[in-house]
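Asker: let's see this in three dimensions:
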Amino acid sequence: MIDSVELKVWPSETNDLEALKQKAKQKSKIREADIAHVKLVKRSIDARGRRPIFLYRFKLFTQEEELPETIFHYQKVNGQKKVIIVGAGPCGYFAALKCLEVGLKPIILERGKDVRSRRVDLRNIQQDGIVNPHSNYCFGEGGAGTYSDGKLYTRAKKRGDIIEVLQTLTDHGANPAIMYESHPHIGSNKLPKVIAAIRETILNFGGEIHFGKFVNGIIRNEVKVMGVKSEDGIEYLGDAVVMATGHSARDIFYLLHKSGIALERKDFALGVRIEHPQPLIDKIQYNQFKREQGLPASSYSLACTINDRGIFSFCMCPGGLVIPAATAPGEIVINGMSLSRRDSPYANSGTVVAIQERDYQRMNAHATFGGLDFQKEVEQAVFKAGNGSQQAPAQRLTDFVKGKVSKSLNETSYIPGLLSSPLHEILPDFVYKHLKIGILEFGKKMKGYFTEEANVIATESRTSSPIKIPRDHSTLMHPDLNGLFPAGEGAGYAGGIMSAAMDGQSVAIAVNSYLN
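Answerer: Residues are numbered from 1 along each chain as shown. Sure, this is the predicted structure:
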């Protein structure tokens, strides 16, 4: 027998899990003497009342039943059929792990560096404004998520087995709390060790991982892909190729187009990142002047529609930092991240406007690359408005809405620094106007949000890929080229660590079906 029990818990009570399990036993329909296991399966916060409370859900198991577990059976794959995986982000690594389960040999090619070596290039862009186009916050082992937060929440419940992904991360060193938190988070200081552990699993079972391998050639005939070629001239041949390059690998899109592989344009979003003092967000969300002990840094999610166009918050980082995420010199791109404790005095969130085909038709750009060109144009315009470094143009939130240059800016977590600039003139006019209206709407929904204490920083532009690599719905293979499997965010089929990981797993299963 299995029973489910829910408890409402004050923040001060959350530090004693054993006491809460005892309460669950007392509330259960099962006699306490017959209870063998008590498992915490869900924890969330309800801040709608005058005082926030935690909601706990426990499952209780009788002595006759075993506690269910997810067990992974990886196989030694030396000598097995080869799957070339381009990209060592969550999609690529989880595709590789699934290959090990089904008996295929993954060979991963990553343009960037391993997690440890990658830190040097992150320091260079933070402190000196030097952008390495192959190793940065977007490119390198673990992908963009490794050093830009590690949030694991997804709405893509039907893409795959969420529990399997979380269990895999836990097995490789992530905090087991991710198994039950409603919005699980690892943190950019913890995730690199988890990624390194996954690498060791792949290598130990016969997979291969090659860093510093920028793919610049596709090996194919009329109907089938046979492999890829790296910039150093080495050819990697396999029985299938998985493209899991992430949404910022623009050169891969150009390479595929040059190789005669069909692409499609895709809507995306672009805007700014807004940074508030975290205590202010806590006060608004928790209705408390000082955050009660036991409560985490608070977050928010805001959205509205103006003239049939969506404006929404994106990748909200409570207790977080704003980071430079450019992937090429001459552009300003920013993102957000949080460490595991989320104890920064700042909260930041992308605030973006939906970008549609009609918005970039004026550019007379290539039909497929119009969105990508628009994205680049904005990022480069923001860079030109600065001083030639990664110092980011910014305004106070109230000045941004009023359309005036700020005389001074608030303190910020953004290490390269901010430069007071007229973002209302730098951003495309329709982007600014919709952001302005959206921010005023958000201020109505969240009293205190619209304040001069917040900074608006440009540019938040890598929310998703502006290009989609088509694939067949049933086989997950490119419709025109056998053996090519587009996957993850870069192909247009995911948005974040969890959905990318699940898509990687699904693609690996599809590859196995194709090869067997």
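
Asker: C-alpha from now on. contacts and neighbour counts both.
Answerer: Will do.

Asker: and the longest helix belonging to the chain, how far out from the chain middle?
Answerer: What stands out as the longest helix in the chain, according to DSSP state H, is helix 497-515. Offset of helix 497-515 from its chain centre (Cα atoms, centre = their mean, to the nearest Å): 17 Å.

Asker: now swap in stretch 114-123 and tell me
Answerer: Relative to the centre of its chain, stretch 114-123 is centred 19 Å away, using Cα atoms, centre = their mean.

Asker: picking that back up, let me know the average pLDDT across the longest helix of the chain.
Answerer: For helix 497-515, the mean per-residue pLDDT is 97.

Asker: next up, the contacts around the closest residue to I2 other than its chain neighbours.
Answerer: Distances taken as Cα to Cα, 6 or more residues apart in numbering place F61 nearest to I2, at 4.9 Å, with adjacent residues excluded. By Cα atoms under 8 Å, 6 or more residues apart in numbering, the contact list for F61 reads M1, I2, D3, I35, A36, H37, V38, L67.

Asker: for G271, state which of those residues is nearest.
Answerer: Among the contacts of F61, V38 lies closest to G271 (Cα to Cα), at 45.7 Å.

Asker: these two touch, right, that closest one and K21?
Answerer: Yes. Using Cα atoms under 8 Å, V38 and K21 qualify as a contacting pair, with a distance of 6.5 Å.

Asker: common neighbours of those two, please.
Answerer: In contact with both V38 and K21: F58, using Cα under 8 Å, 6+ apart.

Asker: helix or strand for K39, which one?
Answerer: Assessed by DSSP states H and E, K39 sits inside strand 35-46.

Asker: domain ranges for this protein?
Answerer: The record's domain split for the chain, according to automatic domain parsing, is 2-62, 82-262+467-515, 268-460.

Asker: so for Q75, which of those sits nearest?
Answerer: Of all the domains of the chain, it is domain 82-262+467-515 that lies closest to Q75, at 5.4 Å by Cα to Cα.

Asker: can you give me the pLDDT of the closest residue in space to A177 that isn't next to it in sequence?
Answerer: In this structure, A177 finds its nearest non-sequential neighbour in P184, 7.5 Å apart by Cα to Cα, 6+ apart. Looking at P184, its pLDDT is 92.

Asker: ok, P184 to L122 distance?
Answerer: Distance of P184 to L122, given as Cα to Cα, to the nearest Å: 25 Å.

Asker: in terms of neighbours, single out the busier of the two.
Answerer: In terms of neighbours (other Cα atoms under 10 Å), L122 is the more surrounded of P184 and L122; the figures are 22 against 19.

Asker: that older thread, could you dump the domains of the chain to TSV with distance to H73?
Answerer: Formatted as TSV, the domains of the chain follow (distance: least, Cα to Cα, whole Å):
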stretch	distance to H73
domain 2-62	24
domain 82-262+467-515	6
domain 268-460	30
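
Asker: of the ones you listed, which is nearest I71?
Answerer: Closest among these, using Cα to Cα: domain 82-262+467-515, at 8.8 Å.

Asker: can you give me the offset of that closest one from its chain's centre?
Answerer: On the basis of Cα atoms, centre = their mean, domain 82-262+467-515 sits 12 Å off its chain's mean C-alpha point.

Asker: now stretch 255-275
Answerer: Relative to the centre of its chain, stretch 255-275 is centred 16 Å away, using Cα atoms, centre = their mean.

Asker: next up, the contacts around the residue nearest to A177.
Answerer: P184 sits next to K151, L152, Y153, A177, I178 when contact means Cα under 8 Å, 6+ apart.

Asker: cool, M226 as well?
Answerer: Taking Cα under 8 Å, 6+ apart, we find M226 in contact with I219, R220, L237, G238, D239, A240, V241, G483.

Asker: may I see the PyMOL selection of the buried members of these?
Answerer: This is how PyMOL selects the buried members of those, with burial counted by 16 or more other Cα atoms under 10 Å:
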select buried, resi 220+237+238+239+240+241+483
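
Asker: quick check: A262 touching I467?
Answerer: No. Counting by Cα under 8 Å, A262 does not reach I467; the two are 10.8 Å apart.

Asker: packing partners for the lowest-mean-pLDDT helix or strand in the chain?
Answerer: Here the helix or strand of the chain ranked lowest by mean pLDDT, DSSP states H and E is helix 357-360, holding a mean of 83. Counting contacts by 3 or more Cα pairs under 8 Å, 6 or more residues apart in numbering; DSSP states H and E, helix 357-360 is packed against helix 370-384.

Asker: from the chain's centroid, how far away is the helix it packs on?
Answerer: The chain centroid and the centroid of helix 370-384 are separated by 21 Å under Cα atoms, centre = their mean.

Asker: so, low pLDDT: which residues of the protein?
Answerer: Along the chain, the model assigns pLDDT under 70 to residues 65-70, 149-150, 155-160, 362-366.

Asker: mind listing the helices in it by residue range?
Answerer: 17-27, 90-102, 115-127, 162-171, 191-204, 250-258, 278-286, 357-360, 370-384, 397-402, 423-426, 429-445, 488-491, 497-515.

Asker: what's the third one packed up against?
Answerer: I take that to be helix 115-127. Counting contacts by 3+ Cα pairs under 8 Å, 6+ apart, helix 115-127 is packed against helix 191-204, strand 320-324.

Asker: single out the most deeply packed of the ones you listed.
Answerer: Across those, averaging neighbours per residue (mean count of other Cα atoms under 10 Å) puts strand 320-324 on top, at a mean of 26.

Asker: helix 278-286 and that one, what's the angle between them?
Answerer: Interaxial angle of strand 320-324 relative to helix 278-286 (axes from the mean of the first three to the mean of the last three Cα atoms, to 10 degrees): 120 degrees.

Asker: strand partners (parallel or antiparallel) of strand 320-324?
Answerer: Strand 320-324 has the following strand partners under DSSP bridges: strand 334-338 (antiparallel).

Asker: got phi/psi on K290?
Answerer: Backbone dihedrals for K290, given as degrees, to the nearest 10, come out at phi -130, psi 130.

Asker: what is the burial count for the closest residue to S313 other than its chain neighbours?
Answerer: Sequence neighbours aside, T351 is the residue nearest to S313 in space, at 4.4 Å (criterion: Cα to Cα, 6+ apart). Look at T351: counted by other Cα under 10 Å, it has 27 neighbours.

Asker: same thing with the one 4 residues further on?
Answerer: As a burial measure, I355 scores 22 neighbours (other Cα under 10 Å).

Asker: swap in V223?
Answerer: V223 has 10 nearby residues by other Cα under 10 Å.

Asker: wouldn't it be in contact with D480 here?
Answerer: Yes. Using Cα under 8 Å, V223 is in contact with D480, at 7.0 Å.

Asker: on that earlier part again, which strands or helices does the longest helix of the chain pack on?
Answerer: With contacts defined as 3+ Cα pairs under 8 Å, 6+ apart, the packing partners of helix 497-515 are helix 90-102, helix 162-171, helix 488-491.

Asker: looking at these, which is nearest to V511?
Answerer: Distance to V511, taken as Cα to Cα, is lowest for helix 90-102 among the helices and strands packed on helix 497-515, at 8.6 Å.
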